[in-house]
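Enquirer: Mind looking at a prediction? Sequence and model below.
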Amino acid sequence: MPKANVFNMDGKQVGEIELSEAIFGIEPNKNVMYDSVKNHLANCRQGTQSALTKGEVSYTTRKPWRQKGTGRARAGYAGSPVWTHGGVAFAPKPRDYSYTLNKKVKRLALKSALSSKAAENEIVVIDGLKMDEIKTKTFKTLLDNLGVEKKALVITENVENNVVKSARNIPGVTTTTATIISPYMILTSGKLVIDKAALAKIEEVFA
């Protein structure tokens with residue numbers, strides 16, 4: 001059964017905790033994780049790209065020059081895609097790139113991402129992740145004591161404003177709650193810093 005070290009708010013280890021085998025101990029499915037990340041990135045696309053076709057550009061309808069006798073190629077209108085300032089052939093237009101994945105696929109991707117982090121010993125549990133005041137320096141000291149060097153995903157049970165505001169100015173550190181984590185957030189982070197209550201919530205919701 002996978003385990004994780006438990007630390008207090010001073011960054012000192014106070015014990016170990018066993019993680020749920022059904023969530024943190026499965027064989028990671030790389031194909032499903034890839035599909036989930038691809039789906040997330042597609043859903044984030046705004047799809048606002050646009051260009052004018054030859055029927056939409058503004059140009060004179062006069063024929064540029066006579067059809068024969070000039071030695072130049074035939075030209076019928078100035079809006080041709082082969083001309084400068086002409087329309088664009090097969091112009092991109094606004095579209096919706098989003099699509100949905102099956103619920104079972106989403107859940108398997110999340111469990112695979114969490115299991116991969118557990119296998120790499122990238123999960124740290126905090127016994128009571130709360131802050132009495134908004135203090136970035138204090139939170140940065142905690143992360144340093146936990147061995148968080150670059151990226152980290154901080155997971156709390158509910159929205160903790162003091163934690164969120166203390167962490168938001170630290171480069172590479174992201175905060176979220178236990179019920180809205182995603183495989184993309186997990187896979188693009190370094191260590192997972194999870195509140196003990198949030199861990200219980202994850203095991204309750206996603207088991």
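Expert: Arrived safely, thanks for sending.
Enquirer: my guess is residue 156 contacts residue 131, does it?
Expert: No - using CB atoms under 8 Å, residue 156 is not in contact with residue 131, being 10.4 Å away. C-beta here means a position set from N, CA and C on the backbone, and glycine is covered the same way.
Enquirer: Which one's more surrounded, these two?
Expert: residue 156 (21 against 18; other CB atoms under 10 Å).
Enquirer: and the more buried one, what does it touch?
Expert: 129, 163, 175-178, 195, 197-198 (CB atoms under 8 Å, 6 or more residues apart in numbering).
Enquirer: that's a helix at residue 140, yeah?
Expert: Yes - Residue 140 forms part of a helix when assessed by DSSP: H, G, I helix; E, B strand; the rest coil.
Enquirer: how much space is there between it and residue 172?
Expert: The gap separating residue 140 from residue 172 is 11 Å, by CB to CB, to the nearest Å.
Enquirer: the more surrounded of those two?
Expert: residue 140 (16 against 13).
Enquirer: thinking again about what came up before, select from the contacts of residue 156 every entry located in strands.
Expert: If you go by DSSP state E, the contacts of residue 156 have 175-177, 195 in strands.
Enquirer: Now residue 20: closest residue in space, sequence neighbours ignored.
Expert: Distance criterion CB to CB, 6 or more residues apart in numbering; nearest residue to residue 20, sequence neighbours excluded, is residue 203 at 4.5 Å.
Enquirer: model confidence over the host helix or strand of the one you found, on average?
Expert: Using DSSP states H and E, residue 203 sits within helix 196-206. The pLDDT scores in helix 196-206 average 91.
Enquirer: Please apply the same query to stretch 162-180.
Expert: Stretch 162-180 carries an average pLDDT of 91.
Enquirer: What residues sit buried inside it?
Expert: Neighbour-count burial for stretch 162-180, counted by 16 or more other CB atoms under 10 Å, picks out 163-167, 170, 173-178.
Enquirer: With stretch 132-147 instead?
Expert: Neighbour-count burial for stretch 132-147, counted by 16+ other CB under 10 Å, picks out 139-140, 142-143, 146.
Enquirer: Ok, stretch 2-20 next?
Expert: For stretch 2-20, by 16+ other CB under 10 Å, it's 2, 4, 6-7, 9, 11, 17, 19-20.
Enquirer: And the furthest pair within those residues?
Expert: Across the buried residues of stretch 2-20, the longest distance by CB to CB is 25.0 Å; it joins 11 and 20.
Enquirer: Three-state assignment for residue 96, please.
Expert: Quick answer, by three-state DSSP: residue 96 is coil.
Enquirer: tell me the contacts of it?
Expert: Residues in contact with residue 96 (CB under 8 Å, 6+ apart) are residue 47.
Enquirer: Please tell me the pLDDT value assigned to it.
Expert: Value for residue 96, per-residue pLDDT: 96.
Enquirer: Many thanks, I have nothing further to ask.
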